[in-house]
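Would you be able to build a 3D model of this:
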Amino acid sequence: MTTREVEHEITISAPAAAVYRLLAEVTNWPRIFPPTIYVDREETGAGEERIRIWATANGEPKTWTSRRTLDGEALRITFRQEVPAPPVAAMGGTWIVEPLDGGSCRVRLLHDYRAVDDDPHDLLWIERAVDRNSTSELAALKENVERVHEAETQQLTFSFTDSVRIDGAAKDAFAFVNEAGLWPERLPHVARVRFTEDTPGLQELEMDTRAEDGSTHTTKSYRVVLGRHRIAYKQVTLPALMTLHTGVWTFEETEAGATASSQHTVTLNTDNIARILGPQATVADARAYVHSALSTNSLATLGHAKQYAERNR
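Okay, the predicted model is just below:
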């Protein structure tokens, strides 16, 4: 079997320890790295963890499980895919963060991989996916770390949750949200849906939604179904006022019935605030506008899920 080895690197204007910490806190990756949809994590020992990643590779949603070893002193993280997604037969590598003068650092990302049956076409596919994802991950890491201070001081990233109580079963509300292909028939604000689930539990959802002014907006998301109680998603075509939108639908049984919730995490795009909301608009105005728009849609969906579950009681 042929093992290929590649290396990518980037220089970041931030302290090495801060960059290492962002890489180590893997549950934040959907906010940092464009290809990453969702990450589940479990500790397996001191400095060791098992993570399941859902991400896109060459525009296709994939999932795999990796084991990571973290060395905070050496600023190194090694990883090895436990169950690679075909056409990958084996994949591993190392993140190395090297301090430089002036409070900056160099980040090196090493990969080694093999293709199933050494297929030349598959090797080329993997090479392109690794190159595209590594380049975008390093660029996103640099941008995220260098902007994190600005984002914190201006409060550009925020989260909120909308919830409804249901006099019915959580599994029925979950089914309503899970069956997004039926939304044009079930949700008045959804005009069109393109829904695929080639891998069970890994969904691609593109839809046109109607705004209150009658206009329609096209959005695309990847969704990860976690058991029968959570659906995590990442929006990959974003409205002009956002640079990030991730979320989780949660369904819980309670003594009085069930609760369904929609959690959102958003980062505002300050470059477009004046164009969309007017020259006098502030970051606070944009926060309120985005919060209201997302809450309106998610509460509408939750309301219909509630009705569906209560009818099926």
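
is it true that F33 touches A139?
No - using C-beta atoms under 8 Å, F33 is not in contact with A139; the gap is 9.6 Å. C-beta here means a position set from N, CA and C on the backbone, and glycine is covered the same way.

Between those two, tell me which one has more neighbours.
Between F33 and A139, counting by other C-beta atoms under 10 Å, F33 is the more crowded of the two (20 against 14).

hey, where'd the strands end up in the protein?
Ranges of strands within the chain are 4-12, 36-45, 48-57, 60-71, 76-83, 88-99, 105-115, 157-166, 190-199, 202-210, 216-226, 230-237, 242-254, 257-268, based on DSSP state E.

For burial, what's the neighbour tally of E255?
Count around E255 with other C-beta under 10 Å applied: 4.

ignore the last one, R223
Using other C-beta under 10 Å, R223 is surrounded by 25 other residues.

How much space separates it from W249?
Using C-beta to C-beta, to the nearest Å, one gets 9 Å for the distance from R223 to W249.

Hmm, V190 and T216 touching each other?
No - when contacts are counted by C-beta under 8 Å, T216 is not listed as touching V190 (9.8 Å).

what is in contact with these two at once?
Residues touching both T216 and V190 by C-beta atoms under 8 Å, 6 or more residues apart in numbering: D208, T209, R210.

related to what we said a few turns ago, need the residues touching each of R223 and W249.
Joint contacts of R223 and W249 (C-beta under 8 Å, 6+ apart) are I231, A232, Y233.

tell me which of those residues is nearest to A309?
I231 (15.0 Å; C-beta to C-beta).

What is the neighbour count of the closest residue to that closest one other than its chain neighbours?
Nearest non-adjacent residue to I231, counting by C-beta to C-beta, 6 or more residues apart in numbering: W249, 4.3 Å away. Look at W249: counted by other C-beta under 10 Å, it has 25 neighbours.

same thing with V26?
21.

Just list the residues touching it, thanks.
V39, R41, E49, I51, R68.

For the fourth one, list each beta-bridge partner.
What that stands for is I51. Under DSSP bridges, the beta-bridge partners of I51 are R41, S66.

these two touch, right, it and T69?
No - I51 sits out of contact with T69 when judged by C-beta under 8 Å, with a separation of 11.7 Å.

and these two? which has more neighbours close in?
Neighbours were counted for I51 and for T69 using other C-beta under 10 Å; I51 has more, 19 against 16.

How far does stretch 21-33 sit from its chain's centre?
10 Å (C-alpha atoms, centre = their mean, to the nearest Å).

Would you indicate which residues of it are buried?
For stretch 21-33, a neighbour-count test (16 or more other C-beta atoms under 10 Å) marks L22, L23, A24, V26, W29, P30, R31, I32, F33 as buried.

do stretch 195-205 as well
F195, E197, L202, Q203, E204, L205.

beta partners of the residue nearest to the fourth one when sequence neighbours are not counted?
Sequence neighbours aside, R223 is the residue nearest to Q203 in space, at 4.1 Å (criterion: C-beta to C-beta, 6+ apart). Note on R223: beta-bridge partners Q203, Y233, judged by DSSP bridges.

wait, R223 sits on Q235?
No - applying C-beta under 8 Å as the test, R223 and Q235 come out as separate, 10.0 Å apart.

coming back round to it: of the contacts of V26, select the buried ones using a ChimeraX command.
Per 16+ other C-beta under 10 Å, the buried members of those correspond to this ChimeraX selection:
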select :39,49,51,68
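
Perfect, that will be all.
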